[in-house]
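1. Please find the sequence and the predicted model below.
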Amino acid sequence: MFAAAIKVMLAAIAYLLLYMIVVGMFCGLIVMLILSKRLRRKAKKPDRIDRHLTSHERAERVTVGWREDDPSLGRVEELSGGRTHERSDKSREAGRNGEANGTASPAPKLGVTGKLNPATASESEKRGESLFLGKAPCVACHQAPYYTDNLMHNLKAERFYKPRVIRGAMAGADGPIKTFPLRGIKESPPYLHDGRLLTLEDTVEFFNLILDTKLTPPEKTDLVDFLRAL
């Protein structure tokens with residue numbers, strides 16, 4: 001009788017082991033199917049940036065808010081929505097020529113300290129830099145070479161509007177917001193912490209109001225040209 005009990009126990013253990021093996025194989029198959037599905041989905045999804053593009057062409061493929069009346073911009077395809085953004089043909093050609101010569105740079109007009117190189121900068125960009133360092137005065141929060149102080153500042157924009165609900169959210173005081181680096185700023189619209197400013201022109205106009213700098217239209221243009229050189 002004892003031998004029979006041993007046989008039953010061994011059979012039970014064998015069935016248990018067999019059950020565990022089958023369950024383990026089934027779970028492994030489920031995991032493999034899930035991973036395979038995710039890999040296929042990832043393979044079908046287009047890259048945000050095509051790997052074969054040059055660095056200048058990659059920089060052009062950005063999601064942007066833009067103005068149709070801006071003549072300084074040339075056509076760039078947006079990957080996600082089929083819209084287009086205008087960007088300068090001259091700027092694109094200069095960038096490609098730079099890459100062909102092995103001298104391409106995301107900010108070719110800046111020196112090692114992050115400031116404009118007088119030998120390569122245009123007169124408008126030089127005037128814009130002077131405004132940036134003086135009358136504007138952007139340099140109070142945006143110092144070279146990265147053009148940020150990494151600090152928080154309260155612009156108190158609520159001085160110019162009454163709190164109200166916009167798109168289901170209460171628009172009130174922003175409070176302190178972190179200074180954004182301005183290097184490569186032309187490639188990363190929209191601007192400000194919540195994207196309310198679609199273009200650099202909008203941004204200059206916004207801070208002209210916030211800081212009461214009283215910039216003239218030509219000065220605003222010069223400042224935007226300088227920002228595009230960063």
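-> That came through, no problem.
2. so where do the strands sit in this structure?
-> 76-77, 84-85, 152-153, 164-166, 169-171, 177-178 (DSSP state E).
3. Find the centremost residue of the chain, please.
-> Note on the chain: the residue nearest the mean C-alpha position is Ser188, at 4.8 Å, using CA atoms, centre = their mean.
4. any idea how far it is from Val139?
-> Ser188 is 20 Å from Val139, where distance means CB to CB, to the nearest Å. Where C-beta positions appear, they are placed from N, C-alpha and C, glycine not excepted.
5. what's the answer for Lys186, then?
-> For Lys186, the distance to Val139 - CB to CB - is 18 Å.
6. Name the nearest residue to Ala144, ignoring sequence neighbours.
-> Distances taken as CB to CB, 6 or more residues apart in numbering put Gly114 closest to Ala144, at 3.5 Å, once the chain neighbours are dropped.
7. So for that neighbour, what's the pLDDT?
-> Looking at Gly114, its pLDDT is 90.
8. Burial check on it, number of neighbours?
-> Gly114 is flanked by 15 other residues according to other CB atoms under 10 Å.
9. Look at Lys186 and Val139 and report which has more neighbours.
-> Lys186 (22 against 15).
10. ok, and what's touching stretch 206-221?
-> Contacting residues not belonging to stretch 206-221 are listed as 124, 127, 131, 135-138, 155-157, 160, 192, 197, 201, 204-205, 223 [CB atoms under 8 Å, 6 or more residues apart in numbering].
11. was I right about Leu197 contacting Ile185?
-> No: between Leu197 and Ile185 no contact is recorded; they are 11.3 Å apart, counting by CB atoms under 8 Å.
12. Give me the common contacts of the two.
-> Shared contacts of Leu197 and Ile185, defined by CB under 8 Å, 6+ apart, are found at Tyr191.
13. rewinding a little: isn't the residue nearest to Ala144 right next to His142, touching?
-> No: the criterion here is CB under 8 Å, and Gly114 misses it with His142 at 10.4 Å.
14. Now the common contact residues for the two.
-> By CB under 8 Å, 6+ apart, no residue touches both Gly114 and His142.
15. Against Ala140, how distant is the nearest residue to Tyr191 once chain neighbours are set aside?
-> Of all residues not flanking Tyr191 in the chain, Leu197 sits nearest, at 4.2 Å (CB to CB, 6+ apart). The gap separating Leu197 from Ala140 is 19 Å, by CB to CB.
16. likewise Thr113?
-> Thr113 is 18 Å from Ala140, by CB to CB.
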